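**Student:** return atomic coordinates for the entry below.
(one chain, ligands or ions: 1)
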Amino acid sequence: MVTSTANSVRTEVRPAEQNGISIGLGVFAKTNIPKNNDVLVLDQAAIALVEEKQLQNICSGCYDVGKGGSIDIRRSGLVKACVQFLCWKNGKIAKEVWDEFNSLTFPDIYEGESQEAKDHALMTKAVMEYGNLKDLDPNWTKELFGKLNANSFTLTSAYGRRRGVYLHPGAARFNHSCDPNASYSFDKGKLYVRAIRDIAKDEQIFIPYIDITYSVDTRRHELKDRYRFGCRCTRCLHETDTMNPEEIRKRGKIEQSTNSEIDEAIKNGDSGFTVAWRLTNMIRNLSEKADWDAVNMQQQPLAAIRAEMMLSKAQDELYKMSAVDAAIRHLRTDPAQYADEGHPMRREHALEFVYHLLYADKIMEMQGDPKNFDTPFDIHEIRPLFYAWMVLNWMIYGNVQGEILADTREKMNEVVWPNPTLKGKAESDVAWVTEDLCHAGMLWENKAKHIEVHSKKMEEIVKETIEQEKRNTW
Ligand SMILES: C[S@@+](CC[C@H](N)C(=O)[O-])C[C@H]1O[C@@H](n2cnc3c(N)ncnc32)[C@H](O)[C@@H]1O
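**Tutor:** Numbers count the residues shown, from 1 in each chain. Purely as a prediction, here's the structure:
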């Protein structure tokens, strides 16, 4: 069912409105689409740009690591010099994709005397100068930047750090909602749009353009800033109608200033440990200052600090510590943010948690490793490999009682995964983890006991860590 436009067997593009206001075109279901089913799988990205510093690591064509890419486009000098890299799939682009790209709109802000228009004029001049491109058309560059800004997806690493942008004219027709009925994920150059609720025939399909775990003020701020529109979604309208304006403003302020502090904390190339220490201080300061109930692990801005702490510790190979952050997200934040156990974000985060656990297990096996000091995992005598097995079984069965390998394989086929790579990874991991635990004698006789003990211990670790962070006795 892979297609290169949003007019497909299941979807069509037509005029759309949201809460009584026209919002241009949108994507609609042509048939009932049950929850967890594909809405659309798109290939033929028109533009995929990865920022310069990532180029050695990641291909902007398939977003895979270590492959490099090709540059073969009309006016290639422009884009290469300006935004570093551009990859047309197979060096070509389908005519229907190109036509759709040309029909995309962009806000007036890019016209005339706006700061953006001036910036683009300046960039064009620089590119003409340095790239020796005398015949470059400044109107074309303005259009390109305008379309990119208004219609592209932000490509992020698995940890949510920005890596670049991706523009697919078909995907660009999906409108945004802060309470979406579909989600998307990238996998090997394809974009998978999946229903996260049952979608009825003729219903409009909405995806989230931004992280919707933030409060209304921050969401609206970000949509205005990045995409230049005031959100008309039902959730935004409801929240602005019913919540206390003072409370809305206050929450937004704390979230936005914390995000700036996070950027500040990770910016200057310090060690992961130092950054994690700064982030812990931020939690303590927040818990001291904030007189509202957001200083719990389930909400922003603490969920954002948590994700950065996890990454910072992992950068220093402190996996036993980063796995604790992943556990807090898995057991506290995600269930609160995404009520549905099968939500794609919960699955993606769960698999990340598994990787932190697997690395933690490796480190614990290494005798004399300097990082093998007394972390909560050592103190509580948790075997990370066993907990990884529990999480994998939760992902596959929805519980932790997984039985035998053959069963697991069968079940894997029924589970809907956000994308094929995630499925493949979980599938191969559960096989070898199960085998290793069998050899270690942890499966099957004492399995129930191990599950009970590990669940209890992980709960204690999570509780203790959260308390320690608030007091900063980390
Ligand atoms: C990526 S485009 C989506 C397709 C677009 N409606 C079109 O006609 O091509 C983003 C634009 O759609 C509109 N839009 C999308 N979601 C919206 C929302 N929740 N509220 C208001 N406008 C929205 C805004 O004009 C925004 O700049």
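**Student:** and stretch 106-120, which residues are buried?
**Tutor:** In terms of neighbour count (16 or more other CB atoms under 10 Å), stretch 106-120 has its buried residues at 106, 110, 116-117, 120. Every C-beta, even on glycine, is put in place using the N, C-alpha and C of the backbone.
**Student:** if you could redo that for stretch 199-218, that was the one I meant.
**Tutor:** 199, 204-218.
**Student:** tell me which two of the residues you listed sit farthest apart.
**Tutor:** I199 and D217 (28.9 Å; CB to CB).
**Student:** for the buried residues of stretch 106-120, which one is nearest R278?
**Tutor:** The closest of the buried residues of stretch 106-120, once distances to R278 are taken by CB to CB, is E116, at 33.1 Å.
**Student:** pretty sure the closest one contacts A150?
**Tutor:** No - at 10.7 Å, E116 does not count as touching A150 under the criterion of CB atoms under 8 Å.
**Student:** give me the subset of the buried residues of stretch 106-120 that lies in helices.
**Tutor:** 116-117, 120 (DSSP state H).
**Student:** want to try CSV for these, with pLDDT and distance to the ligand as columns?
**Tutor:** Listed next are those as CSV, based on pLDDT from 0 to 100; distance: CB to the nearest ligand atom, whole Å:
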residue, pLDDT, distance to the ligand
E116, 75, 14
A117, 76, 17
H120, 75, 18
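**Student:** and the closest residue to the ligand within the chain, which of the three is it?
**Tutor:** Residue nearest to the ligand within the chain: G24 (2.5 Å; CB to the nearest ligand atom). Recorded secondary structure, G24: strand (DSSP: H, G, I helix; E, B strand; the rest coil).
**Student:** is it true that it touches L104?
**Tutor:** No - G24 lies out of contact with L104 (CB under 8 Å); the separation is 10.0 Å.
**Student:** more neighbours: those two, which one.
**Tutor:** Using other CB atoms under 10 Å, the more surrounded residue of G24 and L104 is L104, with 18 against 11.
**Student:** tell me the contacts of that one?
**Tutor:** Going by CB atoms under 8 Å, 6 or more residues apart in numbering, L104 touches 147, 150-151, 169, 172.
**Student:** switch to 7 Å and redo it
**Tutor:** Neighbour list for L104: 147, 151, 169, 172 [criterion: CB atoms under 7 Å, 6 or more residues apart in numbering].
**Student:** in CSV: the residues you listed, plus pLDDT, secondary structure and neighbour count.
**Tutor:** Listed next are these as CSV, based on pLDDT from 0 to 100; DSSP: H, G, I helix; E, B strand; the rest coil; neighbours: other CB atoms under 10 Å:
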residue, pLDDT, secondary structure, neighbour count
K147, 84, helix, 22
N151, 90, helix, 21
P169, 87, coil, 26
A172, 93, helix, 21
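**Student:** near the ligand, from these?
**Tutor:** 151, 172 (CB under 6 Å from any ligand atom).
**Student:** among the contacts of L104, which one sits closest to N244?
**Tutor:** Of the contacts of L104, the one sitting nearest to N244 (CB to CB) turns out to be N151, at 35.0 Å.
**Student:** residues near T280, how many?
**Tutor:** 18.
**Student:** tell me the pLDDT of the residue of the chain positioned farthest from its centre.
**Tutor:** For the chain, the residue at maximal distance from the C-alpha centroid (CA atoms, centre = their mean) is K134, at 39.9 Å. For K134, the pLDDT comes out at 71.
**Student:** returning to that earlier point: and the residue of the chain closest to the ligand, what does it touch?
**Tutor:** Counting by CB under 7 Å, 6+ apart, G24 makes contact with 16, 105.
**Student:** ok, it to K267 distance?
**Tutor:** Applying CB to CB, to the nearest Å, the value for G24 to K267 is 37 Å.
**Student:** right, and C178 touches T234 too?
**Tutor:** No - with contact defined as CB atoms under 7 Å, C178 and T234 do not form a contacting pair (8.4 Å).
**Student:** more neighbours: those two, which one.
**Tutor:** Set side by side, C178 and T234 show more neighbours around C178, with 23 against 13, by other CB under 10 Å.
**Student:** what about the nearest residue to the more buried one once chain neighbours are set aside, neighbour count?
**Tutor:** For C178, ignoring the flanking residues on the chain, the nearest one in space by CB to CB, 6 or more residues apart in numbering is R235 at 4.3 Å. When neighbours are counted by other CB under 10 Å, R235 registers 15.
**Student:** for L40, see how far away R235 is.
**Tutor:** Distance from R235 to L40, by CB to CB: 23 Å.
**Student:** quick revisit: for the residue of the chain closest to the ligand, give me the pLDDT.
**Tutor:** The model's pLDDT for G24 equals 94.
**Student:** shift numbering so it begins at 3
**Tutor:** With the count now opening at 3, the last piece we talked about shows up as G26.
**Student:** remind me, longest helix of this structure?
**Tutor:** Max-length helix for the chain by DSSP H is helix 449-473.
**Student:** can you mark which positions in that helix are buried?
**Tutor:** 449, 452-453, 455-456, 459-460, 463-464, 467-468, 471-472.
**Student:** ok, residues contacting the helix or strand containing the residue nearest to C180?
**Tutor:** If you go by DSSP states H and E, R237 is part of helix 236-244. Residues outside helix 236-244 that contact it (CB under 7 Å, 6+ apart): 21, 180-181, 218, 221-222.
**Student:** which pair of these spans the longest distance?
**Tutor:** Maximum pairwise distance among those (CB to CB): 15.7 Å, between N21 and R221.
**Student:** pick out whichever of those two has more residues nearby.
**Tutor:** Counted by other CB under 10 Å, N21 and R221 do not tie: R221 has more neighbours, with 26 against 11.
**Student:** right, I'll call it a day here.
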